[in-house]
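Student: predicted model and sequence below, questions to follow.
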Amino acid sequence: MSKSKSKSKYSSLCKSLESTPAGTAVVELMMNGEDVSGVEEFVRYDRDTGLAYFTNKSNSTFVAICDKIDMIEFMGEVNETTETTE
């Protein structure tokens, strides 16, 4: 039986977001190989929906499907960068 190469519905990046403190500064967020500008702070991750919430200084909210995120670089309370490449 061959293993599927598709992304799991619960990636290691999503698991990492579960323990990322709200308010952690985001240096860079990439989705589909493109930099997502304007995202400045992690708000929360909802495991039930698979959605990650971010905000910016204008208090606008950005909602992303966690499994669609290619890479997140955090600054502040998280000691190391969380990255995934698939």
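Tutor: Thanks, I have it.
Student: partners of the helix or strand harbouring Ala64 in the sheet?
Tutor: Assessed by DSSP states H and E, Ala64 sits inside strand 61-65. Strand pairing for strand 61-65, determined by DSSP bridges: strand 51-55 (antiparallel).
Student: would you indicate which residues of the partner strand are buried?
Tutor: 52-55 (16 or more other CB atoms under 10 Å). In short, each C-beta sits where N, CA and C put it, glycine included.
Student: Ser58: neighbouring residues, count only.
Tutor: 8 (other CB atoms under 10 Å).
Student: do the same with Thr61
Tutor: Under the criterion other CB under 10 Å, the count of neighbours that Thr61 has is 10.
Student: do Glu28 as well
Tutor: The burial count for Glu28: 15, using other CB under 10 Å.
Student: equivalent analysis for Asp67, please.
Tutor: Neighbour count for Asp67, taken as other CB under 10 Å: 17.
Student: can you offset everything so residue one is 19?
Tutor: Yes, from this point I'll number from 19; that puts the last item at Asp85.
Student: Leu35 is in contact with that one, correct?
Tutor: No. Using CB atoms under 8 Å, Asp85 is not in contact with Leu35; the gap is 11.1 Å.
Student: show me where this structure has helices.
Tutor: Taking DSSP state H as the test, the helices found in the chain are 30-36.
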